[in-house]
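K.L.:
how does the following fold in three dimensions:
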Amino acid sequence: MVIARHPLTRPDGSPIRALVVDDEVNLGELLRMAMANEGWEARAVTNGREALDVIREFDPDLLVLDVMMPGIDGVELLTRVRAGGNDVPVLFLTAKDAVEDRIAGIAAGGDDYVTKPFNLEEVVLRLRGMARRHVAAAAEADSLLRVGDLSLDEDAYEVQRAGVAIKLTAKEFELLRYLMQNARRVVSKTQILDTVWGYDFGGSSGVVEIYISYLRRKIDALGEPLIHTVRGVGYTIKSS
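P.N.:
Numbering: from 1, shown residues only. I've put the predicted structure just below:
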């Protein structure tokens, strides 16, 4: 019996992105095709130097790295990736008898490894598990907005500044969320009205000024001013 599996996607609904780095061209292409068959956007490159450029441009959700490669090997490649603050999940491919390679890979920040030769279905299953955890973590991070010491948790419907809980009305919460989603960008009263109050709102644009003042009393009273007026343009939220 074949069990249908729902395709994994990024929190925004776009396909999972996966990158294979292996100097064995045929093996890299085999893995790329297997992941593409999962509905993912998959690429394969044959060396670490090319991989660094692709990682910056492609922003993959998964990396499959061969440990032993000429030039920049898998361990050095991951060390550079982690040094840049990228926490993308990594599956290492290692030789069957190379225990020291497996240890080095995990020590460099790898999440899992398989030994060559491997079962392709097992590798895909492991990658699915890694992708699922990565997507869940990304979705959780997306629900938490931060500007300086101010945080807004969309899932918990909570706002805090420097650890102090701030009680907001539903409309205040929506307005603050919109400002924080556009942190450091100036949004106009019209944009705020259309997004927070809706296109069919028949009231005065002065309601925006009123609610901005409400937020300032509750938020800016707890520290440096975060909500700023850009005269003749609109409002922005940012920390110095």
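
K.L.:
from here on, contacts and neighbour counts on C-alpha atoms
P.N.:
Will do.

K.L.:
how far does stretch 168-187 sit from the chain's center?
P.N.:
The chain centroid and the centroid of stretch 168-187 are separated by 21 Å under C-alpha atoms, centre = their mean, to the nearest Å.

K.L.:
shift numbering so it begins at 20
P.N.:
In the new count, where the first residue is 20, that last one comes out as stretch 187-206.

K.L.:
what about that stretch, how long is it end to end?
P.N.:
21 Å (C-alpha to C-alpha, to the nearest Å).

K.L.:
tell me the mean pLDDT for it?
P.N.:
Stretch 187-206 carries an average pLDDT of 92.

K.L.:
show me which residues of that stretch are buried.
P.N.:
187, 191-199, 202-203, 205-206 (16 or more other C-alpha atoms under 10 Å).

K.L.:
this structure: strands as residue ranges?
P.N.:
Ranges of strands in the chain, per DSSP state E, are 36-40, 60-64, 81-85, 109-114, 131-135, 163-166, 169-172, 177-180, 183-185, 246-249, 253-256.

K.L.:
quick one: closest of the ones you listed to His153.
P.N.:
Closest to His153 of these is strand 81-85 (C-alpha to C-alpha; 8.5 Å).

K.L.:
and that closest one, how far out from the chain's middle?
P.N.:
Relative to its chain's centre, strand 81-85 lies at 18 Å (C-alpha atoms, centre = their mean).

K.L.:
so that strand versus strand 131-135, what angle?
P.N.:
Taking axes from the mean of the first three to the mean of the last three C-alpha atoms, to 10 degrees, strand 81-85 and strand 131-135 form an angle of 40 degrees between their directions.

K.L.:
strand 81-85 pairs with which strands?
P.N.:
strand 36-40 (parallel), strand 109-114 (parallel) (DSSP bridges).

K.L.:
deepest-packed of these, please.
P.N.:
Among the strands paired with strand 81-85, ranked by average contacts under mean count of other C-alpha atoms under 10 Å, first place goes to strand 36-40 (a mean of 26).

K.L.:
state the mean pLDDT of that one.
P.N.:
If you average the pLDDT over strand 36-40, you get 96.

K.L.:
got the contact list for that strand?
P.N.:
Strand 36-40 is contacted by residues 47, 50-51, 54, 59-67, 70, 74, 77-85, 93 when judged by C-alpha atoms under 8 Å, 6 or more residues apart in numbering.

K.L.:
same question for the helix ranked longest in the chain, mean pLDDT?
P.N.:
Longest helix of the chain, by residue count under DSSP state H: helix 139-161. The pLDDT scores in helix 139-161 average 82.
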